[in-house]
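>>> With the input below, show me the fold.
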Amino acid sequence: MKLRIRKIFRPLIFISLVISSSFPVCAKQISQLSEQRQALINCAIELLGTPYQWGGKTPSPGIDCSGFVAFVSRKAIQVNFTGISQVMYNATTKIEDNQKEPGDLLFFSNTYSANKITHVGIYLGLYTGEGKLHGKHIFIHCASDEPETGVIVSSIDDENFWTRHYIGAGRYLPSTKEAEKIIQELGVEKGREALKSSPEEFSKDPWWSGIDKSWFEK
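Here you go, the predicted structure:
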């Protein structure tokens, strides 16, 4: 069943979200994650392996980094969040690294052009599954350069191209704590009505349970 949520985000954009049940989502540093963030990550994971194409807005024939974020936002939760990476960066609320949670955006500068934000990805959290990414903070994005291109998962902890160009995190969705606070202040029934959430608004299972983890265990 799809439910609609109406909320004002920063910057002040009045939008409608459409969310649906998806695989559980969370990260080690937080105990719960809101369902809209689950839906966003679920949709992003489904696009792993999608080819890169400069200026691409849809998976076929290919998509670029900002097009990827815009597409999953629109498809998964009906958020019209578009523009190049710099525009997305300007539109988000900047947060400290220790405040980010899965579903927030990570921004990178000077990856192909100097003095501006040139790349964006979706933060996935601390991966505790098996493989080379075990114990690392990871993000999903659409990369244009070798050795891996297209929609991939990368570490933000390793000393690599991405960490050298990482500029910071931005938020365009309400945090899990913000959603939980509404429920605490209004009570379960009124809080759910305000959020238009399902009884499974919060989940405690890791987001990678029940999905193909070959991408993470290579």
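>>> Now do the helices in this protein.
Secondary structure of the chain (DSSP state H): helices at 35-46, 65-77, 85-91, 161-165, 176-186, 188-195, 214-217.
>>> got CSV for those, with mean neighbour count and distance to Tyr127 too?
(C-beta placed from N, C-alpha, C; glycine too.) Listed next are the helices of the chain as CSV, based on neighbours: other CB atoms under 10 Å; distance: least, CB to CB, whole Å:
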stretch, mean neighbour count, distance to Tyr127
helix 35-46, 24, 12
helix 65-77, 23, 19
helix 85-91, 18, 24
helix 161-165, 15, 15
helix 176-186, 16, 18
helix 188-195, 15, 28
helix 214-217, 15, 6
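>>> looking at the ones you listed, which is closest to His137?
Closest approach to His137 among the helices of the chain (CB to CB): helix 161-165, 10.2 Å.
>>> Quickly, which of the helices of the chain bottoms out on average pLDDT?
Within the helices of the chain, confidence is poorest for helix 214-217, with a mean of 51 (mean pLDDT).
>>> hmm, back to that, how about JSON lines for the helices of the chain, with distance to Asp97 added?
Converted to JSON lines, these look like this (distance: least, CB to CB, whole Å):
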{"stretch": "helix 35-46", "distance to Asp97": "17"}
{"stretch": "helix 65-77", "distance to Asp97": "19"}
{"stretch": "helix 85-91", "distance to Asp97": "15"}
{"stretch": "helix 161-165", "distance to Asp97": "12"}
{"stretch": "helix 176-186", "distance to Asp97": "16"}
{"stretch": "helix 188-195", "distance to Asp97": "27"}
{"stretch": "helix 214-217", "distance to Asp97": "21"}
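>>> So for Ser109, which of the ones you listed sits nearest?
helix 161-165 (5.9 Å).
>>> Put the alpha carbons of that closest one into CSV.
What follows is helix 161-165, C-alpha atoms only, in CSV (Å, rounded to 0.1, in the frame of the first residue of the first chain):
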residue,chain,number,x,y,z
PHE,A,161,39.9,9.4,-5.4
TRP,A,162,36.6,10.0,-3.6
THR,A,163,38.0,10.7,-0.2
ARG,A,164,40.5,13.2,-1.7
HIS,A,165,37.6,15.1,-3.3
